[in-house]
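K.L.:
Build the 3D model from these lines:
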Amino acid sequence: MPTISNLFTVLFLLVSNAFVYGICDASSYSSLVSSSLDHQLHAPNPIAEQPLAKIALHKAIIALHASASVRVNPTLLGAKGDDTEWVNVELDYPEATQADWVGVFSPAKFNSSESEYCSSETPFICTAPIKYKFANHSTFDYIQTGKASLSFQIINQRADFAFALFTGGLENPKLVAVSDPISFANPKAPLWPRLAQGKTWDEMTVTWTSGYNIDEATPVVEWGWKGQSQLSSAGTLTFTRGSMCGPPARTIGWRAPGFIHTSSLKELWPNTIYDYRMGHMLLNGSIIWSKTYTFKSSPYPGQDSLQRVIIFGDMGKAERDGSNEYATYQPGSLVTTDELVNDLDNYDIVFHIGDLSYANGFLSQWDQFIAQIEPISSIKPYMIASGNHERDFPNSGSFYDTHDSGGECGVPAQTMYYVPADNRAKFWYSTDYGMFHFCIADSEHDWREGSEQYAWLEKCFASVDRQKQPWLIFAAHRVLGYSSNNWLANAGAFEEPMGRANLQKLWQKYKVDIALYGHVHNYERTCPIYQNQCVNLETSHYSGTVRGTIHVVVGGGGGHLSDFTEINTYWSLYKDHDWGFVKLTAFNHSSLLFEYKKSRDGLVYDNFTISRDYRDVLACVHDGCEATTLAN
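P.N.:
The predicted structure follows:
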């Protein structure tokens, strides 16, 4: 429970802010508590501004220069079926300056006369580029010669591309030259498969993106094993600019997402390797196929076999071509991605618990994030949770009234990814993986006692048979438990307000083993804890009765790292200011291994084991058993 001093700290800060903003009536104060607490006290650790937001497109002018040119090679991409290609861009501009930059635009026609959002009046350019580089990125004599050669990595994003040379820097962009368009051989091709557990243990879902709507092609998945295959149908979703809640998603950041298809592969055999490929059956009967991929089906719930789980949050994306747009925004995202790709054979399922792409309203970035993790998500179930950068936007129904999603208000995430939720707009769900039972909360919706999500969480915890599935795991994006992060500490709570005050009774009653969070960009592990008290003095091996829950912050997936407070939090057993992820390994019903690995080398830097029998879960502890009577 929050201490009296913590409550006074929060109250003091709220009242102080109320006076600063001229708020003094009761209704305004209530609104401040419910809507601004996150913004005032628990804003994420400051990170670099979304790079595309730094371009002042509203000030852009078109001033094509007769002697300037942009030439791109090759002009046809994907001729051999590839979905990613490198292109070379040659620049020639006799009035070269240090501030010149090249933006990659898609679709290729991006001026006001071609945009549905812009009028024929200024601004002349109102669609953000997908990425950009400064002209002198790799050419030291560009200023002297006016010539430069740049390399860009381009992925298939369902439209053609143009490369535009600007002078005037990002603050006063002036368009001086544009390349001829380039395109992929089949811009509509089925791409970027994302696997996810279905609503039952023996179901796997395949979600992918294409340019084919259902009026021109029927989406299907061909799948099977041991040389036998079958076709499954797929549902198709998309969204429009009108689905966005505000800027930049609804303005300069808008880009059509294509069509999102999901097929459910049912009645799978446990622990079985299946082949699959996505396709679109055209009106003439021919089928456009993707590459062929494989996946391993889930073990039967309670099955005694080796089961390995990866968990992390806040990864984001980065550009392998060194584009400036993400050069320092999510500096560790490729480090984590590459380590997980290199280690594919040694885990079975992934949970990315919020803050996925950090697109923040620039929708082209979703394709690029999905492409970045495709080597993982095409082979392993890639389960996600909702974070503030997916969901939060004022007056959109999110629990936190911030602009963190850039106007997306959850729509791209809940459309582009499948989760086995009853309502994907309410991103809480449960899933089974062998001896594990996962209860994944949505921290961007109300979790407090009496809420819809609270009732669901209790049902999720209560429904598990701990004799068959001994390992009960809770996860959410924001820290609802414990964190020694400095901005949480400054608020006097070491958590999101009302987090553990409302949920710790559930964790204790149902003996949740481990609670994991993102949002804070570092790693931290607590002792087994209940009501702010360590209930087990061990640090590396736990056995016997389950007396408290171990809380873990694992938000170092790739974002700028968060600093720890200098306050000595006695419940904190291990802290790490680096990028990394957690791996849980269930060897059997009595033995669980927890490991924290750094992304930079894949080595284990923190670990503990849990050894126990079913009777240890049944044993009564404080607030952990139903009331009993003396009846006989």
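K.L.:
just for the protein, where's the confidence low?
P.N.:
1-48, 112-123, 325-327, 628-632 (pLDDT under 70).
K.L.:
80 instead, please
P.N.:
Counting by pLDDT under 80, the low-confidence segments of the chain come to 1-49, 111-124, 138-139, 324-329, 626-632.
K.L.:
Walking through it, point out its helices one by one.
P.N.:
Counting by DSSP state H, the chain forms helices over residues 4-20, 26-41, 142-145, 333-342, 364-377, 388-391, 411-416, 452-462, 486-490, 499-509, 614-618, given from the N-terminal end onward.
K.L.:
between the fifth one and helix 333-342, how many degrees?
P.N.:
Here helix 364-377 runs at an angle of 30 degrees relative to helix 333-342 (axes from the mean of the first three to the mean of the last three Cα atoms, to 10 degrees).
K.L.:
Residues contacting helix 364-377, please?
P.N.:
Applying Cβ atoms under 8 Å, 6 or more residues apart in numbering, the set of residues contacting helix 364-377 from outside is 52, 83-84, 106, 128, 130-131, 155, 157, 191-195, 209, 253, 255, 257, 316-319, 333-334, 337, 340-341, 344, 350, 356-359, 382, 412, 416. Using the backbone N, CA and C atoms, a C-beta is placed for each residue, glycine as well.
K.L.:
Which members of the residues you listed occur in strands, if any?
P.N.:
Taking DSSP state E as the definition of strands, the contacts of helix 364-377 contribute 84, 131, 155, 191-195, 209, 350, 382.
K.L.:
Touching, L503 and V479? I think so.
P.N.:
No: the pair formed by L503 and V479 falls short of the contact definition of Cβ atoms under 8 Å, at 11.5 Å.
K.L.:
Give me the more crowded residue out of these two.
P.N.:
For the pair L503 and V479, the greater number of neighbours falls to V479 (28 against 24), based on other Cβ atoms under 10 Å.
K.L.:
Is that one in contact with V552, as I believe?
P.N.:
No: using Cβ under 8 Å, V479 is not in contact with V552; the gap is 10.0 Å.
K.L.:
Overlap of the contact sets of the two?
P.N.:
Taking Cβ under 8 Å, 6+ apart as the contact criterion, the residues that touch both V479 and V552 are Y517.
K.L.:
Now list the buried members of the contacts of helix 364-377.
P.N.:
Among those, the ones that count as buried by 16 or more other Cβ atoms under 10 Å are 52, 83, 106, 128, 130-131, 155, 157, 191-195, 209, 253, 255, 257, 316-319, 333-334, 337, 340, 350, 356-359, 382, 412, 416.
K.L.:
what pairs with H437 across the strands?
P.N.:
In this structure, H437 bridges to D432, L472 when assessed by DSSP bridges.
K.L.:
Tell me who's in contact with it.
P.N.:
Neighbouring residues of H437 by Cβ under 8 Å, 6+ apart: 301, 430, 464, 469, 471-473.
K.L.:
Closest one to R277 out of the residues you listed, please.
P.N.:
Ranked by distance to R277 (Cβ to Cβ), those are led by P301 at 28.4 Å.
K.L.:
Just want the most central residue of this structure.
P.N.:
If you average the C-alpha coordinates of the chain and look for the closest C-alpha using Cα atoms, centre = their mean, you land on L356, 1.5 Å from that point.
K.L.:
Please list all residues in contact with the closest residue to T75 other than its chain neighbours.
P.N.:
Nearest residue to T75 in three dimensions, chain neighbours excluded: I182, at 4.6 Å (Cβ to Cβ, 6 or more residues apart in numbering). With contact taken as Cβ under 8 Å, 6+ apart, I182 is in contact with 72, 74-77, 87, 108, 154, 160-162.
K.L.:
Can you flag the buried ones in these?
P.N.:
Applying the neighbour count, that is 16+ other Cβ under 10 Å, the buried entries in the contacts of I182 are 72, 77, 87, 108, 154, 160-162.
K.L.:
Could I get these in CSV, plus columns for distance to V617?
P.N.:
Shown next, in CSV, are those (distance: Cβ to Cβ, whole Å):
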residue, distance to V617
V72, 62
L77, 56
V87, 57
A108, 60
I154, 53
D160, 59
F161, 56
A162, 61
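K.L.:
What about these, which are in strands?
P.N.:
Judged by DSSP E, the buried ones among the contacts of I182 include 72, 77, 87, 154, 162 as members of strands.
K.L.:
Kindly indicate which of those residues lies nearest Y142.
P.N.:
Proximity of these to Y142, judged by Cβ to Cβ, is greatest for V72, which lies at 17.3 Å.
K.L.:
Tell me how many other residues crowd the closest residue in space to the closest one that isn't next to it in sequence.
P.N.:
Distance criterion Cβ to Cβ, 6+ apart; nearest residue to V72, sequence neighbours excluded, is S179 at 4.8 Å. Neighbour count for S179, taken as other Cβ under 10 Å: 24.
K.L.:
Phi and psi next, for S179.
P.N.:
Note on S179: backbone dihedrals following degrees, to the nearest 10 are phi -80, psi 170.
K.L.:
which ones are touching it?
P.N.:
The neighbourhood of S179, defined by Cβ under 8 Å, 6+ apart, consists of 70-72, 89, 162-164.
K.L.:
what's the answer for M498, then?
P.N.:
R448.
K.L.:
contacting residues for T336?
P.N.:
The contact partners of T336, taken as Cβ under 8 Å, 6+ apart, are 312, 315, 557-558, 579-581, 599.
K.L.:
do that again at 7 Å, thanks
P.N.:
With contact set as Cβ atoms under 7 Å, 6 or more residues apart in numbering, T336 has these partners: 312, 315, 557-558, 579, 581, 599.
K.L.:
Can you check those residues and name whichever has the most neighbours?
P.N.:
For the contacts of T336, neighbours were counted by other Cβ under 10 Å; the highest total belongs to M315, with 32 neighbours.
K.L.:
Show the contacting residues for that one.
P.N.:
Contacts here follow Cβ under 7 Å, 6+ apart; on that basis M315 touches 333, 336, 352, 557-558.
K.L.:
what do you get if the cut-off is 6 Å, keeping everything else the same?
P.N.:
Taking Cβ atoms under 6 Å, 6 or more residues apart in numbering as the definition of contact, the neighbours of M315 are 333, 336, 557-558.
K.L.:
hang on, the earlier thing: widest-spaced pair of the ones in strands among the contacts of helix 364-377?
P.N.:
With Cβ to Cβ as the measure, no two of the ones in strands among the contacts of helix 364-377 lie farther apart than K131 and L195, at 27.1 Å.
K.L.:
The residue nearest to E171 when sequence neighbours are not counted: neighbour count?
P.N.:
The shortest distance from E171 to any residue other than its chain neighbours is 5.3 Å, reached at A56 (Cβ to Cβ, 6+ apart). Residues lying near A56 (other Cβ under 10 Å) number 14.
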